[in-house]
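Engineer: the following comprises the amino acid sequence and a computationally predicted model.
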Amino acid sequence: MRALVPPRSTPDRDHDFARLGAESWDLLVIGGGITGTAVARDAALRGLKTALVEQGDFAFGTSSRSSRLVHGGLRYLANFDFSLVREGLVERRRLLDSAPGLVRPVRFIYPVYKGDPDRLGKVHLGVRLYDALSLGHGLGGTKRLLRKQLLHSIPGLRRDGLQGAVSYFDAATHDTRLTLAVARSALRAGAVLVPRCRALGLSGNQDRNGGARICDLLSDQSQRGGQGDREIEVRAKATVLCCGPWQTLYPPATVKLRTARGTHISIKNRRIPLDGYIALRSPRDGRLAFAMPIGQYIVFGTTDDDDRTEPGLVRPTAQDAGYLLELANHAFPAVDVTPEDVTGIWAGLRPLVAEGSGEDADALSRRHLVVRGPPGLWILTGGKLTTHRRMAEDLVDAIVPALAEQGVEAGLCVTTEGKLLTGDLEAGRVRLEALGLSRGALDSASGLYGNSLEELIEFLPKEPTGDPDARFRRAQIAMAVKREWALSLDDLLLRRLEPGPLDLKQCWREAPAAARELGSHLAWSDREVTRAAAELRDGITRDLGAAGIPLPT
Ligand SMILES: Cc1cc2nc3c(=O)[nH]c(=O)nc-3n(C[C@H](O)[C@H](O)[C@H](O)COP(=O)(O)OP(=O)(O)OC[C@H]3O[C@@H](n4cnc5c(N)ncnc54)[C@H](O)[C@@H]3O)c2cc1C
């Protein structure tokens, strides 16, 4: 095992890119979603010399487009997939302990109507089984609610046929910020992580070595004075593909994946005040979906349709929006949610391990798969946001013997213990409250930064005057650049900050001011600032337009 490297909390992309080609690595990870960053973290913490390349931003693929649940998956009980549910519940407990605030318990309410496939008693039994499967790691609070109690707490809920509900606790997070927390933990453990770098081809050879040809996607942009693409060879003893739905584009063909598009929409929560996540059934096909209160919004999702579009080009469709509006209006008939009310819409592709053919994407297992490819190459795919840590442990366990044959020793997995982030959530809240941050901004920030909240204080602008929330926003932007690899306005507004995709119209309005602030950290010219704002606005206009949502005025 190699000597431990000194902890590092600040990425330096140019320096890290130079290291990629200049040094040789035990492990090269391709893909910077939750899966790839988790592998980099696990491997670096075991003492392996680890590099990761991501073609876009961290979490730019599926890992920023999930329902943000950290769960065992109550509905997988219907497939008798008990070990999968149990695995998710164990990881839920670990995440609640290791990233407090960023991962938090949330209350779920599961209403049951006459004619539903599962009766109230069965749902209650299912939830109790769900709790039991957590073997002492349950969140408690499961109870049956009478129809009257339910209508009292959710007055707008559809009354016809309502029989009662079961209420229980599960957990939720912010998917991109969880991925960033994992990436930062990998960095602290000594891994080198470089965004905007695409693997073009693998260089596996007869000596069992891996490695890949990498292209620096920033080198053709103005940031580098218009130099051509930089291509380098990265040498590594083992390479692992963690490419999520992109895996379908790459050999080997032994990995059979199905990609299913899932879309969410959001509306302002004043339309439907909810204090818990509500399970809903689509009136069109009976599928289970959720209404999820997140900050000032209610998110409805998700759809689930096979989609073979190139993952980078996946967009929500007008049909998706129609399906979700119908779901919302069926559940809350008095509210009349229209396309004008929709503030955000986004879609992602689930990388599902295809175990059989012809199965409905909804019924396919969320299991993960570790596959050994040609010499030096491994693939890790499938799985869930919730189970990323376990996926990484299984993959690195599989690679360790092959590395040992090449004289590289690795320690045991240590990610079952300790905190993902450093710091104390309560201490951070107290200090920020004393600096005048509003309760709303504080709650939102706790959900984004968890116990690392206090770190933001060092980025607050020096002048102590002005609106505290606005100063805090500037600190968030500075930290996004200096500690969280933000390189573009999308990285900032659509992934690192709230409201992100939950309110694309708000992002559209904020684009010019945010581009100016971001540009001041990235040394952008006035032209670059204007172009960044225009590009973000064009993207939002296109996505809303394609889904039939009226554009911001
Ligand atoms: C609608 C929806 C809802 C979901 N809800 C939940 C939920 O509530 N809870 C839960 O636990 N799970 C959920 N999931 C599942 C979860 O989001 C995914 O399992 C997980 O995000 C997949 O992560 P990943 O890292 O494998 O893939 P991705 O996040 O897609 O990452 C793959 C990365 O590889 C990069 N890449 C590809 N090719 C290259 C290359 N040549 N060079 C460099 N980089 C490359 C891509 O840019 C991408 O960033 C949901 C999924 C969807 C679609």
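Structural biologist: The structure has been received and is ready for your questions. On a predicted model such as this, the values are computed, not experimentally measured, just so you know.

Engineer: the stretch 201-350 of the chain: helices as residue ranges?
Structural biologist: 318-331 (DSSP state H, counting those that start in this stretch).

Engineer: again with the chain
Structural biologist: For the chain, helices defined by DSSP state H occupy the ranges 13-22, 34-45, 82-98, 120-133, 147-153, 175-188, 318-331, 388-405, 425-434, 439-449, 468-483, 489, 504-522, 526-546.

Engineer: just name the most buried of the ones you listed.
Structural biologist: Each of the helices of the chain was scored by mean neighbour count; the highest is helix 34-45, a mean of 31, by mean count of other Cβ atoms under 10 Å. Heads up, the C-betas are built off the backbone N, CA and C, glycines and all.

Engineer: quick one: mean pLDDT over that one.
Structural biologist: The average pLDDT within helix 34-45 is 98.

Engineer: is it positioned near the ligand?
Structural biologist: Yes: legend: contact between helix 34-45 and the ligand by Cβ under 6 Å from any ligand atom is shown at 34-36.

Engineer: please report the distance of the residue lying closest to Ala212 once chain neighbours are set aside from Glu23.
Structural biologist: Nearest residue to Ala212, sequence neighbours excluded (Cβ to Cβ, 6 or more residues apart in numbering): Ala199, at 4.4 Å. Using Cβ to Cβ, to the nearest Å, one obtains 17 Å as the distance from Ala199 to Glu23.

Engineer: so which of those two has more stuff around it?
Structural biologist: Between Ala199 and Glu23, Ala199 has the larger neighbour count (other Cβ atoms under 10 Å), namely 23 against 13.

Engineer: close enough to count as contact, that one and Gly211?
Structural biologist: No: taking contacts as Cβ atoms under 8 Å, Ala199 lies outside contact range of Gly211: 9.7 Å.

Engineer: what pLDDT does the model give Asn79?
Structural biologist: pLDDT recorded at Asn79 is 81.

Engineer: now Asp362
Structural biologist: Asp362 carries a pLDDT score of 62 in this model.

Engineer: same check on Lys256?
Structural biologist: For Lys256, the pLDDT comes out at 84.

Engineer: next: Val342.
Structural biologist: 97.

Engineer: flag every residue of this protein that's near the ligand.
Structural biologist: The chain comes close to the ligand at residues 30-36, 53-56, 60-63, 65-69, 198-199, 242-246, 262, 302, 348-351, 383-386, as judged by Cβ under 6 Å from any ligand atom.

Engineer: at 5 Å what do you get?
Structural biologist: Counting by Cβ under 5 Å from any ligand atom, the chain comes close to the ligand at 30-31, 33-35, 54-56, 60-63, 66-67, 69, 198-199, 243-244, 246, 262, 302, 348, 350, 384-386.

Engineer: that older thread, what's the closest of the residues of helix 34-45 next to the ligand to the ligand?
Structural biologist: Thr35 (3.4 Å; Cβ to the nearest ligand atom).

Engineer: pull the contacting residues for that closest one.
Structural biologist: By Cβ atoms under 8 Å, 6 or more residues apart in numbering, the residues touching Thr35 are 63, 242, 244, 380-381, 383, 388, 391-392.

Engineer: so for it, what's the nearest residue that isn't a sequence neighbour?
Structural biologist: Using Cβ to Cβ, 6+ apart, the closest residue to Thr35 is Cys242 (4.2 Å).

Engineer: also Pro468?
Structural biologist: Excluding the flanking residues, the one nearest Pro468 by Cβ to Cβ, 6+ apart is Gly436, at 3.6 Å.

Engineer: how many other residues sit next to the one you found?
Structural biologist: For Gly436, the neighbour count with other Cβ under 10 Å is 14.

Engineer: I'd assumed Thr465 was in contact with it.
Structural biologist: No: using Cβ under 8 Å, Gly436 makes no contact with Thr465, being 10.7 Å away.

Engineer: show me the contacts for the closest residue in space to Asp57 that isn't next to it in sequence.
Structural biologist: Nearest in space to Asp57, with sequence neighbours left out and distances taken as Cβ to Cβ, 6+ apart, is Asp491 at 4.7 Å. Asp491 makes contact with 57, 480, 485 under the criterion Cβ under 8 Å, 6+ apart.

Engineer: go again using 10 Å as the cut-off
Structural biologist: 56-60, 176, 195-196, 480-481, 484-485, 497, 518 (Cβ atoms under 10 Å, 6 or more residues apart in numbering).

Engineer: so where is the stretch 251-400 of the chain shaky, pLDDT-wise?
Structural biologist: Within the stretch 251-400 of the chain, the stretches with pLDDT under 70 are 253, 355-365.

Engineer: how near is the residue of it found nearest the ligand to Ala347?
Structural biologist: Nearest to the ligand, among the residues of the stretch 251-400 of the chain, is Gly262, at 2.3 Å (Cβ to the nearest ligand atom). According to Cβ to Cβ, Gly262 stands 7 Å off from Ala347.

Engineer: repeat that for Asp118.
Structural biologist: According to Cβ to Cβ, Asp118 and Ala347 sit 28 Å apart.

Engineer: those two: which is more packed in?
Structural biologist: Of the pair Asp118 and Ala347, Ala347 is the one with more neighbours under other Cβ under 10 Å, namely 24 against 15.

Engineer: wait, isn't that one in contact with Ala318?
Structural biologist: No: the criterion here is Cβ atoms under 10 Å, and Ala347 misses it with Ala318 at 11.9 Å.

Engineer: shared neighbours of those two, which are they?
Structural biologist: Any residue near both Ala347 and Ala318 by Cβ under 10 Å, 6+ apart counts here, and that gives Ala547.

Engineer: got the domain ranges for the chain?
Structural biologist: The record's domain parsing of the chain by automatic domain parsing lists 13-61+177-255+366-405, 63-172+257-363, 425-546.

Engineer: what's the overlap in contacts for Gly436 and Thr465?
Structural biologist: Shared contacts of Gly436 and Thr465, defined by Cβ under 10 Å, 6+ apart, are found at Arg471.

Engineer: overlap in contacts, Gly262 and Ala347.
Structural biologist: Common neighbours of Gly262 and Ala347 (criterion: Cβ under 10 Å, 6+ apart): 62, 65, 301-303, 305, 307, 314, 316, 320.

Engineer: for the residues you listed, give me TSV that also has distance to Pro111.
Structural biologist: Converted to TSV, the shared contacts of Gly262 and Ala347 look like this (distance: Cβ to Cβ, whole Å):
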residue	distance to Pro111
Thr62	29
Arg65	26
Gly301	17
Thr302	18
Thr303	20
Asp305	25
Asp307	30
Val314	31
Pro316	26
Asp320	23
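
Engineer: pull out the buried positions in stretch 274-281.
Structural biologist: 274, 276-281 (16 or more other Cβ atoms under 10 Å).

Engineer: of these, which is the nearest to Gly418?
Structural biologist: Using Cβ to Cβ, Tyr277 comes nearest to Gly418 of the buried residues of stretch 274-281, at 28.8 Å.

Engineer: dump the residue contacts of the closest one.
Structural biologist: Here Tyr277 is in contact with 67, 69, 106-110, 169-170, 172, 290-294, 298-299 (Cβ under 10 Å, 6+ apart).

Engineer: for it, give the beta-bridge partners.
Structural biologist: Phe108 (DSSP bridges).

Engineer: and it, how far is that from Phe290?
Structural biologist: 6 Å.

Engineer: who touches both of these two?
Structural biologist: In contact with both Tyr277 and Phe290: 67, 69, 108, 110, 298-299, using Cβ under 10 Å, 6+ apart.

Engineer: for the residues you listed, which PyMOL command selects only the ones that are buried?
Structural biologist: Typed into PyMOL, the line below selects the buried ones among the shared contacts of Tyr277 and Phe290, using 16+ other Cβ under 10 Å:
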select buried, resi 67+69+108+110+298+299
